[in-house]
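**Q** From the sequence below, what's the structure:
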Amino acid sequence: MFKRILIVLMVAVAGFVAFAATRPGTYRVERSTRIDAPQAVVFAQLDDFKAWAAWSPWEGKDPQMHKTYDGPVRGVGATYAWQGNQKVGEGRMTVTDSRPPADVKLRLEFIKPFAAVARTEFIVAPEVPGTVSVTWSMEGTNNLIAKMFGIFMNMDTMIGNDFEAGLANLKRVAESEARRQEAEAAAAKAAADAAAAAAAEKAKAEAEAAAAAEAEKEAEAKKKGKKGKKK
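**A** Just a heads-up that it's a prediction; the model follows:
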């Protein structure tokens with residue numbers, strides 16, 4: 001009896017593994033959103049890993065997550081590594097291609113809870129002036145374990161939910177930064193206009209004073225001339 005149960009279990013496991021092996025060998029997850037901010041403002045949030053703290057969907061899953069940065073501040077070669085709880089695991093990201101302000105590609109290496117490598121890309125495409133569409137994608141290969149895991153968990157839904165949350169955060173951060181920059185630019189323009197107006201007013205006053213002094217000088221000269229003729 002026990003032998004039969006064992007055989008049935010082995011057949012079931014073999015069948016499960018065989019079924020899992022037929023699952024897709026690759027995956028791709030993609031989400032997009034629209035952001036009312038200039039292309040450069042949005043891109044600045046993407047290729048600088050330190051800026052990710054303000055919008056990354058994984059920051060809130062482990063506030064105590066240990067983060068390290070290496071390489072340049074932004075652009076190709078910039079690296080970000082993290083170690084956190086079981087919700088975020090451990091891994092590393094490296095910028096492999098950066099084309100401001102439109103496209104940045106990353107190599108994503110998962111270390112824990114499982115080892116895997118994926119390719120991630122952000123595409124920032126202008127729409128109407130001051131508005132862009134941002135597409136966040138990730139793709140990679142499925143080994144047998146990943147295929148078995150995928151039978152019970154929908155990777156597109158699981159990762160896609162994080163992408164959607166991250167893009168919503170990115171929208172909030174980028175639009176806020178755009179408003180801040182617009183306010184600063186308006187304040188700087190107002191200050192420049194005020195300074196120019198003050199300079200023009202000062203120049204006008206100096207010109208008027210100089211003209212008045214010249215007129216007074218000419219009047220004084222004429223007065224002296226008349227006195228000389230009388231003598």
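
**Q** Could you pull up the residues touching G75?
**A** Shown in contact with G75 (C-beta atoms under 8 Å, 6 or more residues apart in numbering): D47, V95, S98. (Each C-beta comes from the backbone N, C-alpha and C, glycine too.)

**Q** For the last one, what are phi and psi?
**A** With angles defined as degrees, to the nearest 10, S98 shows backbone torsions of phi -140, psi 120.

**Q** what sits against it?
**A** S98 sits next to D47, R74, G75, V76, V104, K105 when contact means C-beta under 8 Å, 6+ apart.

**Q** Next: the first one.
**A** Contacts here follow C-beta under 8 Å, 6+ apart; on that basis D47 touches R74, G75, A78, V95, S98, P100, V104.

**Q** hang on, the earlier thing: from the contacts of S98, which land in strands?
**A** Among the contacts of S98, DSSP state E puts V104, K105 in strands.

**Q** In CSV: the contacts of S98, plus pLDDT and distance to F163.
**A** Converted to CSV, these look like this (pLDDT from 0 to 100; distance: C-beta to C-beta, whole Å):
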residue, pLDDT, distance to F163
D47, 89, 17
R74, 91, 21
G75, 92, 23
V76, 95, 23
V104, 97, 15
K105, 97, 16
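
**Q** so G71 makes contact with R92?
**A** No: contact criterion C-beta atoms under 8 Å: G71 and R92 do not qualify, at 11.4 Å.

**Q** The nearest residue to L170 once chain neighbours are set aside: how many residues sit nearby?
**A** In space, and not counting its chain neighbours, L170 is closest to W55: 4.4 Å by C-beta to C-beta, 6 or more residues apart in numbering. Number of residues near W55 (other C-beta atoms under 10 Å) recorded here: 19.

**Q** Great, nothing more from me.
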